[in-house]
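J.: pasted the sequence and its predicted model underneath.
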Amino acid sequence: MKDKRSAHLRVQEFCDCYATTDPLREMSLVQGEADKEEGALKWIALAVLHGVNGNAKSITLSRGKDGKVRVEAKYNKAELPSPGAEVADKVLQALREITHIEGSKGKTPLALGVRDGSIELKVTIQEAEEGEEAVIKFPK
């Protein structure tokens with residue numbers, strides 16, 4: 001049976017569920033998830049938690065035309081665990097669904113409830129000749 005809750009709500013639930021774990025460790029395990037859509041939502045939540053805990057400026061997921069996936073966090077510029085090609089595709093789809101960004105590029109705020117509070121992120125998605133990129137920017 002398909003889960004009918006919104007992707008946004010499910011990301012918030014994953015944030016709550018994984019709030020006391022090591023997000024980087026959990027991110028490195030997402031690639032092996034059997035349910036790629038659930039893995040994508042879990043990866044988004046873990047990326048947000050890592051960004052908040054690590055005082056990141058932004059986290060960027062890039063997928064090249066060749067299918068190669070890179071994830072980079074900006075603080076002291078660090079590469080994070082990749083969710084893998086299949087999950088990365090679902091991450092990009094989920095971010096588009098949650099933010100309602102359509103077309104080749106867009107930018108919008110995204111409010112997420114995390115535990116007893118909330119955080120407002122900025123999500124940018126853009127397609128280029130080289131591939132597609134999603135950037136999650138954290139508040140200063």
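T.: Great, that's in hand. Numbering: from 1, shown residues only.

J.: in the chain, where is pLDDT below threshold?
T.: Low-confidence segments of the chain, defined by pLDDT under 70, are located at 1-3, 76-77.

J.: nearest the middle, which residue of it would you pick?
T.: With distances taken as Cα atoms, centre = their mean, Ile44 lies nearest the centre of the chain, 2.9 Å away.

J.: now it: phi and psi?
T.: Phi and psi for Ile44, reported as degrees, to the nearest 10, are phi -60, psi -50.

J.: contacting residues for it?
T.: Shown in contact with Ile44 (Cβ atoms under 8 Å, 6 or more residues apart in numbering): 11, 14, 91, 94-95, 98, 136. All C-beta atoms are positioned from the backbone trio N, CA, C, and that covers glycine.

J.: filter those down to just the ones in strands.
T.: Under the assignment DSSP state E, the contacts of Ile44 contribute Ile136 to strands.

J.: drop anything exposed from the contacts of Ile44.
T.: Applying 16 or more other Cβ atoms under 10 Å to these, the neighbour count classes 11, 14, 91, 94-95, 98, 136 as buried.

J.: show me what the strand ranked longest in the chain is packed up against.
T.: Counting by DSSP E, the longest strand found in the chain is strand 117-128. Under the contact criterion of 3 or more Cβ pairs under 8 Å, 6 or more residues apart in numbering; DSSP states H and E, strand 117-128 touches helix 36-53, helix 85-99, strand 105-114, strand 131-137.
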